[in-house]
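> Dropping the sequence and predicted coords here.
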Amino acid sequence: MSNNDTSYRLGFELRSYEEKNHMGNLEESLQSSNYSELERLINFPAYVSRQNLSNFLFHYEIFKMVLDVPGSIVECGVAYGGNLMGFAKLSAQLEPINYTRRIIGFDTYCGFPDVDAENDSATTSEHAKAGGMAVDAKEEIEKRIALFENRFLNHIPKVELVEGDICETVPAYCEENKHLIVSLLYIDMDIYQPTVTALKHLVPRMPKGAVIAFDELNHPDWPGETTALMEELGIGSLKLKRMPFDTCRSYAVIGE
């Protein structure tokens, strides 16, 4: 899947015809706009969809919750890098001298390595297969990171990408970075096994007050994420919450 292929975003089973058509109209309006790309970026609220603005607001709200919690922000499942770079820019804006706050993103950049025959079998998504949800975006994200380095304390790296199967890269990263504390863990991998791995290795590094967030809990397309939480932590161990303006994302404060 190329960086410009949005078909999997438009083809989710729970999207209505009207929503898919609206997204197509947004893309057409961007392409036909008389304004420059820079002008459109500066005036992004005029062009972004309500749903995508809600997504950013969700990440902004959970980021604010950990401003006084030490540790790095870890996103498992980076895709196009919008959320990852959003966290990085929020950190640069709201806590410019917090140079120990790293923004770490894990992704294969080639889709799911595999799916669990038992725990992901109830999915209704056609994308639940090896190579599904692939976004080959690492090179593009690295360009965004390079531009982002125009910031305070820019001699200290802020954003780190870790490429590969999360079932292998997360345990290895934790072993190689024994200092790692996680203040915010964002789980967006859809399927069972990598979610189990992330919970097993990263949650023990989260202090009280840290935030764990999920992208697909209680989602019929992706039952593996819920199963992973139930088996690894126990769903009753977390006081799960949601934002009133958001559809399906959820979060919990560790120790609450």
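Yep, that arrived. Numbering: from 1, shown residues only.
> CA atoms for contacts and neighbours, from now on please.
Noted.
> element containing residue 106?
strand 103-107 (DSSP states H and E).
> And the next helix or strand past that strand?
Counting by DSSP H and E, the next helix or strand C-terminal to strand 103-107 is helix 138-148.
> quick one: contacts of that next one?
Helix 138-148 is contacted from outside by 80-81, 85, 89, 109, 159, using C-alpha atoms under 8 Å, 6 or more residues apart in numbering.
> Could you work out the most separated pair of those?
Spatially, the most separated pair among the contacts of helix 138-148 is 89 and 109, at 21.9 Å (C-alpha to C-alpha).
> neighbour count winner among the two?
Of the pair residue 89 and residue 109, residue 109 is the one with more neighbours under other C-alpha atoms under 10 Å, namely 22 against 17.
> That one contacts residue 79, correct?
Yes: assessed by C-alpha atoms under 8 Å, residue 109 is found in contact with residue 79 at 7.0 Å.
> name the helices or strands packed onto the helix or strand containing residue 224?
Assigned by DSSP H and E, residue 224 belongs to helix 223-232. Helix 223-232 is packed against helix 192-202, with contacts defined by 3 or more C-alpha pairs under 8 Å, 6 or more residues apart in numbering; DSSP states H and E.
> And the next helix or strand past the helix it packs on?
Downstream of helix 192-202 (by DSSP H and E), the next one is strand 211-214.
> Just checking: what are the partner strands of that following strand?
Each strand paired with strand 211-214, and its direction, by DSSP bridges: strand 182-187 (parallel), strand 250-253 (antiparallel).
> Mind exporting the C-alpha coordinates of stretch 167-178 to PDB?
Extracted as PDB, the C-alpha positions of stretch 167-178 are listed here (Å, rounded to 0.1, in the frame of the first residue of the first chain):
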ATOM      1  CA  CYS A 167       6.600  -9.100  19.400                       C
ATOM      2  CA  GLU A 168      10.300  -8.900  18.900                       C
ATOM      3  CA  THR A 169      11.200  -5.200  19.000                       C
ATOM      4  CA  VAL A 170       9.400  -4.300  22.200                       C
ATOM      5  CA  PRO A 171      11.100  -6.900  24.500                       C
ATOM      6  CA  ALA A 172      14.400  -6.100  22.900                       C
ATOM      7  CA  TYR A 173      14.000  -2.300  23.300                       C
ATOM      8  CA  CYS A 174      13.100  -2.800  27.000                       C
ATOM      9  CA  GLU A 175      16.200  -5.000  27.500                       C
ATOM     10  CA  GLU A 176      18.500  -2.400  25.800                       C
ATOM     11  CA  ASN A 177      16.900   0.600  27.500                       C
ATOM     12  CA  LYS A 178      16.700  -0.400  31.200                       C
END
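> For residue 21, see how far away the most far-flung residue of the chain relative to its centre is.
Centroid-distance maximum for the chain: residue 34 at 32.1 Å, with C-alpha atoms, centre = their mean. Residue 34 is 22 Å from residue 21, where distance means C-alpha to C-alpha, to the nearest Å.
> got it, and residue 142?
Distance check for residue 142 against residue 21: by C-alpha to C-alpha, it reads 32 Å.
> ditto for residue 30
Counting by C-alpha to C-alpha, the gap from residue 30 to residue 21 is 14 Å.
> Contact partners for residue 246?
Applying C-alpha under 8 Å, 6+ apart, the residues near residue 246 are 51, 54-55, 58.
> So among those residues, which ones count as buried?
By neighbour count, with 16 or more other C-alpha atoms under 10 Å, these hold 54-55, 58 as buried.
> Which of those fall within helices?
Secondary structure defined by DSSP state H assigns 54-55, 58 of those to helices.
> Name the residues that touch stretch 74-83?
Stretch 74-83 has contacts (C-alpha under 8 Å, 6+ apart) with 3, 56, 59, 84, 103-107, 109, 134-137, 141, 166, 182, 184-189, 198.
> Only C-alpha atoms, please: export it in PDB.
C-alpha atoms of stretch 74-83 as PDB (Å, rounded to 0.1, in the frame of the first residue of the first chain):
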ATOM      1  CA  VAL A  74       5.200   5.100  23.500                       C
ATOM      2  CA  GLU A  75       2.900   4.500  20.600                       C
ATOM      3  CA  CYS A  76       2.500   0.900  19.400                       C
ATOM      4  CA  GLY A  77       1.200   1.100  15.800                       C
ATOM      5  CA  VAL A  78       2.300   4.300  14.100                       C
ATOM      6  CA  ALA A  79       0.800   4.100  10.600                       C
ATOM      7  CA  TYR A  80       1.200   7.600   9.000                       C
ATOM      8  CA  GLY A  81       2.800   9.100  12.100                       C
ATOM      9  CA  GLY A  82       0.200  11.800  12.700                       C
ATOM     10  CA  ASN A  83      -0.400  10.800  16.300                       C
END
